[in-house]
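In: Everything below, folded, please.
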Amino acid sequence: MSDPLRTAHTFELDPATLGEIRALLDDAFDGAFSDEDWTHGLGGVHVLVRDGTGALVAHGSVIQRRLTHAGRSYRVGYVEAVGVRPDRRGDGLGGRVLEVLERVIARAYDVGALSASDSGARLYRSRGWHLWQSRVEALSPDGIVRLPEEEGTTYLWPVPDLELPSADDALVFDWRDGDVL
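Out: Predicted structure coming up:
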């Protein structure tokens, strides 16, 4: 039997559950999950997977962002805070979380996007996410700035019936504190 899965918007999660998610992510990212990373994962739809004892073993969220490309503005389902408890990695939990997040993206957004770590990139590619092969920028308080550290880590997920942007122009994301992507 598979582990129970729940979806909920941030406003539906009580402080204890939010604390469990934060603890899971701190563990999953080996202490490298910052307060800004945490904030970036809030305000959208969360997927939580619990084991048979009720312990949280996997999480991911999708939040709304904006991006512009070639004169068009896109409503983006941006994937954040995907983590699996270290002793449960390899059990397919990351894929289960992404499957639900992708359904949310397909029904609520123009396109999906995320920034992948080296360890997460293989999972995203296996699910049909496409590595963006061109410039990545952000509309900062001081104007548009290039984000060269995000080039080679930014993935897009095509919503059915929408063609992915061409690599001729940069993706320009909205600005936020901490890691922009």
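
In: Name the residues of the longest helix anywhere in the chain that are buried.
Out: Longest helix in the chain by number of residues (criterion: DSSP state H): helix 93-108. Of all the residues in helix 93-108, those buried under the rule 16 or more other CB atoms under 10 Å are Leu93, Gly94, Arg96, Val97, Leu98, Val100, Leu101, Glu102, Val104, Ile105, Ala106. The way it works is simple: take the backbone N, C-alpha and C, and place the C-beta from them, glycine included.

In: Check stretch 18-35 too.
Out: Glu20, Ile21, Arg22, Leu24, Leu25, Asp26, Asp27, Ala28, Phe33.

In: Then stretch 71-86?
Out: Neighbour-count burial for stretch 71-86 [16+ other CB under 10 Å]: Tyr74, Val76, Gly77, Tyr78, Val79, Glu80, Ala81, Val82, Gly83, Val84, Arg85.

In: so Ala28 touches Gly83, yeah?
Out: Yes: between Ala28 and Gly83 there is a contact under CB atoms under 8 Å: 3.2 Å.

In: tell me the contacts of Thr67?
Out: Heads up, residue 67 is Leu, not Thr. Ser73, Tyr74, Val76, Val111, Ala113, Leu171, Val172, Phe173, Asp174 (CB atoms under 8 Å, 6 or more residues apart in numbering).

In: And the strands in the protein, which stretches?
Out: 5-9, 45-50, 56-69, 72-84, 111-115, 130-131, 136-140, 143-146, 154-158, 171-174 (DSSP state E).
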